[in-house]
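**Student:** Sequence plus the predicted model coming up.
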Amino acid sequence: MFVAAMTKRRILVIGSGPAGVSASIAARRVSTDNEVTLLAAETSLPFEKPPLSKEVLTKGIDPSAYPIVPSNMLAEIDFRTDSHVVEIDRVAQLVSLSNGQRLSYDALVLATGGTPRILPELPLSIPNVFYLRNSADALALRKGLSDMAGKQVCIIGAGLIGLEVVAAATLIGADVTVIEAGATAIPRFGSDEMARRITARHEQAGVRFKWNTMVTDAQTTDGAIMLHVNNGQPILADLVVVGIGIQPNSEIAKASDLAVDGGILVNDQCQTSDPKIFAAGDVAKFQTTWMESPAMLENWRHALDQGEVAGTNAGGSNASYDAVPSFWSDQYDLKLQGVGWSDGCSSPVALRELEHGRMIEFYMNNDCLRYAVSIDAGRDLAIAKRLIERKIKVDPSDLADPEVKLATLLRST
Ligand SMILES: Cc1cc2nc3c(=O)[nH]c(=O)nc-3n(C[C@H](O)[C@H](O)[C@H](O)COP(=O)(O)OP(=O)(O)OC[C@H]3O[C@@H](n4cnc5c(N)ncnc54)[C@H](O)[C@@H]3O)c2cc1C
């Protein structure tokens, strides 16, 4: 990595999720002359989000048990809580906070993440309607779920986070119905067969799925919520959780005329249309050599890794982002994992069935593995990631054959 001759630089990082935290640490690591300020809208230290739909709900663990990094790693960062940025002045190289403060920068990193998409029929103002993004949301939902044993809980959206909440509500003893606009669960994760197996695990736990169904209206009646749908009888729920994805927090970027197309557009150096401003994590739209077209990727590992590149470059060094994506989801005893990127691969070319219902699906492009997803096969998936990274040519019949150890394929060229 080339490190430019250093002068003192003032680096501001907006957002204290994994992208912002890793950007701050990376910018400081480039040079101790770098003055790094991390601006957090929240009033607490940065905590991880993945446990919010898992252990925080199912085991009652406090979100503060999951710091993104130990606090000593932020010792050399000027970490400011309660600092909500409302405006960027790109000409004066200043940001304004909601408390009226103005801070100057030589380089700026936008790591503002996303906000849950709100279903207009189910605004947060309706009692017992929940959305899940931050610690406060998770604690409120946990409290709401705590007396739902034997009661009707409805989850809108059968994506990864929605299904994690389904698993948590079921473990609490709620009677759970899922309303999903599409025909299967988590369609972008894997094949219909993969979705069928994941759905079957939920059905085994008593969950009912309403496919191709959308909420058209909602009314509160006697403390419960009546959900009218386009397809079938209304559904009465004591508690509703909406998990229909996020929209990127790109408003301040848009207002300052940075190039935004849903997410903030960045190049492989995480640079926006203004070379002094970088973006990373859920809010960034980017393309790597693994992708056919620009996209946003909403997962934890990506946010950490892309944040590191953005911070390194904001700090005056030179790094590129081309990581192979990887992500996971926990539902009951199932560990779902994915590596790679599936655009350009139309359907799985091979399915490896393992004992006890474990499985991996493989997607290829140009004789090379590009994407793999698994149920309870983490070790094999780690090897699949190396096959992808090294662009090793593989034979689909070897991928499908559980007798062929995946590690042996790493020796091919
Ligand atoms: C419930 C839940 C479960 C998840 N589970 C998984 C999982 O199992 N596996 C996985 O890979 N991924 C998971 N994810 C996704 C993962 O957590 C996100 O992709 C990751 O947190 C994105 O990091 P980020 O830093 O880009 O954004 P965020 O973590 O959203 O952080 C952005 C921060 O910026 C702040 N901010 C926004 N605007 C401003 C402003 N104007 N001024 C100051 N601060 C601002 C926000 O308050 C927020 O703290 C989960 C997410 C959620 C919500």
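**Tutor:** Received the coordinates, thanks. Numbering: from 1, shown residues only.
**Student:** I'd like the average pLDDT over stretch 152-166.
**Tutor:** Stretch 152-166 comes out with an average pLDDT of 97.
**Student:** Please say whether there is contact between that stretch and the ligand.
**Tutor:** Yes - judged by Cβ under 6 Å from any ligand atom, stretch 152-166 comes into contact with the ligand through Ile161. Using the backbone N, CA and C atoms, a C-beta is placed for each residue, glycine as well.
**Student:** can you give me the end-to-end distance of stretch 362-381?
**Tutor:** With Cα to Cα, to the nearest Å applied, stretch 362-381 spans 10 Å between its terminal residues.
**Student:** tell me how far that stretch is from the chain's mean position?
**Tutor:** 20 Å (Cα atoms, centre = their mean, to the nearest Å).
**Student:** That stretch: which residues count as buried?
**Tutor:** 362-365, 369-377, 380-381 (16 or more other Cβ atoms under 10 Å).
**Student:** same question, stretch 388-407
**Tutor:** Result for stretch 388-407 [16+ other Cβ under 10 Å]: buried residues 388, 392, 394, 398-400, 406.
**Student:** Name the surrounding residues that touch that stretch.
**Tutor:** Applying Cβ atoms under 8 Å, 6 or more residues apart in numbering, the contact partners of stretch 388-407 are 290, 324, 339-340, 349-354, 362, 364, 367-372, 380, 383-384, 387, 409-410, 412-413.
**Student:** Counting neighbours, which bits of stretch 116-131 end up buried?
**Tutor:** 116, 119, 121-122, 128-131.
**Student:** tell me which parts of the stretch 301-413 of the chain are close to the ligand?
**Tutor:** Counting by Cβ under 6 Å from any ligand atom, the residues of the stretch 301-413 of the chain near the ligand are 301, 303, 327-329.
**Student:** out of those, what pair is the most spread apart?
**Tutor:** Ala303 and Ser329 (15.6 Å; Cβ to Cβ).
**Student:** Comparing those two, which shows the higher neighbour count?
**Tutor:** Each of Ala303 and Ser329 has its neighbours counted (other Cβ atoms under 10 Å); Ala303 has more, 28 against 22.
**Student:** Check the offset of the strand or helix carrying that one from the chain's centre.
**Tutor:** Following DSSP states H and E, one finds Ala303 within helix 300-314. Counting by Cα atoms, centre = their mean, helix 300-314 is centred 14 Å from the centre of its parent chain.
**Student:** Toward the C-terminus from that helix, list the very next helix or strand.
**Tutor:** Following helix 300-314 toward the C-terminus (DSSP H and E): strand 326-331.
**Student:** Give the other helices and strands that that next one contacts.
**Tutor:** Helices and strands touching strand 326-331, by 3 or more Cβ pairs under 8 Å, 6 or more residues apart in numbering; DSSP states H and E, are helix 160-172, helix 192-204, helix 300-314, strand 334-340.
**Student:** Nearest approach to Ser83 belongs to which of those?
**Tutor:** helix 300-314 (17.6 Å).
**Student:** returning to what we had before: mind checking which of the contacts of stretch 388-407 land in helices?
**Tutor:** Using DSSP state H, the subset of those located in helices is 380, 383-384, 387, 409.
**Student:** and Leu74, how many neighbours?
**Tutor:** Leu74: 21 neighbours (other Cβ under 10 Å).
**Student:** how near is it to the ligand?
**Tutor:** 14 Å (Cβ to the nearest ligand atom, to the nearest Å).
**Student:** repeat for Thr408
**Tutor:** For Thr408, the distance to the ligand - Cβ to the nearest ligand atom - is 29 Å.
**Student:** burial count for that residue?
**Tutor:** 10.
**Student:** how close does the residue lying closest to Leu410 once chain neighbours are set aside get to the ligand?
**Tutor:** If the residues on either side of it in the chain are set aside, Leu410 comes closest to Arg386, at 6.0 Å by Cβ to Cβ, 6 or more residues apart in numbering. In this view, Arg386 and the ligand are 19 Å apart by Cβ to the nearest ligand atom.
**Student:** mind checking pLDDT for the closest residue in space to Glu193 that isn't next to it in sequence?
**Tutor:** Using Cβ to Cβ, 6+ apart and skipping residues adjacent in sequence, the residue nearest Glu193 is Leu351, 7.2 Å away. Note on Leu351: pLDDT of 91.
**Student:** how many other residues sit next to Leu351?
**Tutor:** 16.
**Student:** Now for it: which residues touch it?
**Tutor:** 191, 193, 359-362, 400.
**Student:** thinking again about what came up before, just put the ones in helices among the contacts of stretch 388-407 in JSON lines and tack on pLDDT.
**Tutor:** Formatted as JSON lines, the ones in helices among the contacts of stretch 388-407 follow (pLDDT from 0 to 100):
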{"residue": "Asp380", "pLDDT": "94"}
{"residue": "Ile383", "pLDDT": "96"}
{"residue": "Ala384", "pLDDT": "96"}
{"residue": "Leu387", "pLDDT": "96"}
{"residue": "Leu409", "pLDDT": "93"}
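**Student:** Could you dump those into a markdown table with distance to Lys8 added?
**Tutor:** Below are these laid out as a markdown table (distance: Cβ to Cβ, whole Å):
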| residue | distance to Lys8 |
| --- | --- |
| Asp380 | 48 |
| Ile383 | 45 |
| Ala384 | 45 |
| Leu387 | 44 |
| Leu409 | 50 |
